[in-house]
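Student: predicted model and sequence below, questions to follow.
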Amino acid sequence: MKRLFLVLALLLAPLVAFAQDTEWQTVVSRDLRFRLEMPAPAEQSVTREGEKGLVGPRTAWESKLDGQMFDFDFVDYEDGWFSAHDSKKMARDLGRGEAEKAFPVDKYKYVLDAPVTLQGWDGYALDIDGPDGQSVMMRTYIVGDRLYRMLVTHKDDAKTRDAATKFLESLKFTDTK
């Protein structure tokens, strides 16, 4: 009986793993410069913006899972826009950006507010807890003259926090420093 149970468990294990992974999809840029994992289905949008220094459209993906928001976007800037400046300072300024206005420190708790790196590229991490138990995690990375931004929300529970972490940790660049 134990042997039968073991054989069934081994046969069903790939099916269980497949069922769990079908909730997530891999997003890869057309130019193959990054990849990441997001809950399926991830909706892509492309918008032209008039912001100074942009040389291409902003490409974004968004999805939802259990009421969580998962947002990712990137945009290319003119040669030297970031690479000719202090990318640590620029990543901080862009990473905090409008967050200080949207999430005032007298109402929200800044849990993580620090520079980070990913594969040698400068970035900024900003995690904010709200008074209602909702949290937002943001990451900003500068890779050459391309800006990447990630935003994910989660509730005060392990399941949604783990999904948020999986999303943030899944980003991989093909460009290394």
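Tutor: Now that the structure is in, tell me what you want to look at. Numbers count the residues shown, from 1 in each chain.
Student: quick one: the residue nearest to residue 152 when sequence neighbours are not counted and residue 33, what's the gap?
Tutor: In this structure, residue 152 finds its nearest non-sequential neighbour in residue 164, 4.3 Å apart by C-beta to C-beta, 6 or more residues apart in numbering. In short, each C-beta sits where N, CA and C put it, glycine included. Distance from residue 164 to residue 33, counting by C-beta to C-beta, to the nearest Å: 23 Å.
Student: more neighbours: which of those two?
Tutor: Between residue 164 and residue 33, counting by other C-beta atoms under 10 Å, residue 164 is the more crowded of the two (24 against 17).
Student: is it fair to say that one lies in a helix?
Tutor: Yes. Assessed by DSSP: H, G, I helix; E, B strand; the rest coil, residue 164 belongs to a helix.
Student: ok, and what's touching stretch 55-67?
Tutor: Counting contacts by C-beta atoms under 8 Å, 6 or more residues apart in numbering, the residues outside stretch 55-67 that touch it are 23, 27, 29, 38-49, 69-78, 155, 159-160, 163.
Student: buried ones among these?
Tutor: Burial by neighbour count, 16 or more other C-beta atoms under 10 Å: within the contacts of stretch 55-67 this picks out 27, 38-39, 42, 70-77, 155, 160, 163.
Student: out of these, name the ones that lie in helices.
Tutor: 160, 163 (DSSP state H).
Student: what strand or helix carries the residue nearest to the spatial centre of the chain?
Tutor: Here the mean C-alpha position of the chain is nearest to the C-alpha of residue 150 (C-alpha atoms, centre = their mean), at a distance of 3.4 Å. Secondary structure assignment for residue 150, by DSSP states H and E: strand 146-154.
Student: so what does that strand touch, helix or strand wise?
Tutor: Counting contacts by 3 or more C-beta pairs under 8 Å, 6 or more residues apart in numbering; DSSP states H and E, strand 146-154 is packed against strand 68-76, strand 135-143, helix 158-170.
Student: so where is this structure shaky, pLDDT-wise?
Tutor: Residues of the chain meeting the criterion pLDDT under 70: 1-22.
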